[in-house]
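> Here's a sequence, model it:
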Amino acid sequence: MAIDNRGLTEADVLGFIDTLSNWGKWGADDQLGALNYITPEKRVAAAALVREGHVVSISLPLPTTPGPENPRPALHYMIGTGERQGAGGSSDFIGVAYHGMTTSHIDAFAHQFWQGKMYNGFSSLEVRPDGAHKGAIHEALDKVVGRGVLLDIPLVRGREWLDPGEPIYVEDIEAAESRHGVTVAEGDILLVRTGRHKRARAEGRDGWQSRGLAGLHASVLPWLHERRVAVLGGDGVNDVTPSGFQAMGMPFHKVGMVAMGLHLLDNHDLEALADACAQRRRYAFLFVMAPLFLVRGTGSPANGLAIL
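The predicted model follows:
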């Protein structure tokens with residue numbers, strides 16, 4: 001699919017590293033980035049959105065079946081089962097390389113560098129064989145709690161899903177706000193649905209390796225910066241792929257994470273949440289996500305919960 005870059009050049013997108021930077025905004029030692037926008041007061045307000053106690057998970061099952069679109073399947077095998085006579089219990093093992101386009105996860109700042117730096121100017125050399133000494137996921141352990149907002153882009157476009165490689169622009173985001181009766185505000189955890197998983201279930205294989213993924217166009221980055229979004233998530237990898245910008249490749253992973261300090265939630269299943277929001281005509285909710293307590297991790301598998 002040909003992408004309309006909205007007049008943005010490679011130089012413009014590269015310039016976002018400076019013009020959209022939050023380095024130093026919360027101090028030279030800050031490792032939370034835009035999570036600083038979620039204040040205790042905002043969490044209290046988000047808790048007030050719970051009316052029914054209806055909980056929706058946005059996580060995909062751990063992908064244990066190998067295939068062309070799952071080249072590094074998660075490992076799950078039994079250490080002990082109930083088949084042994086007199087067995088008093090069972091246990092198992094899991095292992096997962098979660099970065100990529102198949103496992104639901106949250107990215108830590110240590111996952112992405114630009115010219116040898118991660119968010120807030122910390123050197124990429126801070127990531128060593130024993131893990132990340134700056135920008136690690138444990139810094140965000142209990143911070144992704146606040147108002148979640150779902151914007152359902154296919155619904156606004158009158159479709160069930162977007163096509164692979166189809167970009168989402170600012171006008172789509174704002175049309176979704178208007179349609180859903182919600183305004184993305186400072187400190188929000190923004191989830192953007194493309195319908196990826198509904199399409200995959202209807203048509204079969206995802207095809208991301210050859211066809212790309214629907215996602216946000218780089219022209220949305222200044223909008224996110226202006227709205228002071230705290231966390232960005234989606235059912236793909238947030239970036240439209242291919243992005244149309246070869247020099248940076250994935251602008252939301254580079255500008256968003258490295259410059260803006262924006263944690264990204266990749267590969268989440270937003271179908272049940274979209275249905276729940278549509279039934280209730282409410283697209284804002286309490287959202288909670290806790291990464292694993294993995295000290296010095298570059299991210300974590302994660303299960304986000306929307307509570308309506």
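> show me where this structure has helices.
10-19, 40-47, 153-156, 170-180, 196-203, 208-211, 221-227, 251, 271-280 (DSSP state H).
> Could you point out which residue ranges in this protein have low pLDDT?
Within the chain, the ranges that satisfy pLDDT under 70 run 1-2, 206.
> So which residue is smack in the middle of it?
residue 265 (1.7 Å; Cα atoms, centre = their mean).
> So what pairs up with that residue in the strands?
As for beta bridges, residue 265 partners with residue 106, residue 233 under DSSP bridges.
> I'd say it and residue 306 touch.
No: proximity of residue 265 to residue 306 does not meet the contact threshold set by Cβ atoms under 8 Å, at 12.0 Å. Yep, even glycine has a C-beta here, placed from its N, CA and C like the rest.
> one step back: which of the helices of the chain sits closest to residue 67?
Across the helices of the chain, residue 67 has its closest neighbour in helix 208-211 (10.7 Å, Cβ to Cβ).
> Return the distance of that closest one from the chain's centre.
Here helix 208-211 is found 19 Å from its chain centre; the criterion is Cα atoms, centre = their mean, to the nearest Å.
> buried residues in it?
With burial defined by 16 or more other Cβ atoms under 10 Å, the residues of helix 208-211 counted as buried are residue 208.
> Give the full set of residues in contact with residue 60.
Applying Cβ atoms under 8 Å, 6 or more residues apart in numbering, we find residue 60 in contact with 102, 103, 104, 197, 267, 268, 269.
> I'd like to know how far the last one sits from residue 154.
So the one you mean is residue 269. 14 Å (Cβ to Cβ, to the nearest Å).
> Compare those two and say which is more crowded by neighbours.
Higher neighbour count among residue 269 and residue 154: residue 154, with 23 against 20, using other Cβ atoms under 10 Å.
> Tell me which residues touch that one, please.
Going by Cβ under 8 Å, 6+ apart, the list of residues near residue 154 reads 160, 161, 162, 193, 194, 195.
> most neighbours, which of those residues?
That'd be residue 193 among these, by other Cβ under 10 Å, with 30 neighbours.
> Next up, the contacts around it.
Residue 193 neighbours (Cβ under 8 Å, 6+ apart): 150, 151, 152, 153, 154, 155, 234, 235, 270, 271, 273, 274.
> Among these, which one has the most neighbours?
Within the contacts of residue 193, most neighbours by other Cβ under 10 Å means residue 235, with 32 neighbours.
> count of neighbours near the residue lying closest to that residue once chain neighbours are set aside?
Leaving aside its sequence neighbours, residue 235 sits nearest to residue 196 (Cβ to Cβ, 6 or more residues apart in numbering; 4.3 Å). If you count neighbours by other Cβ under 10 Å, residue 196 ends up with 27.
> close enough to count as contact, residue 196 and residue 213?
Yes: with contact taken as Cβ under 8 Å, residue 196 and residue 213 are classed as touching, separated by 6.6 Å.
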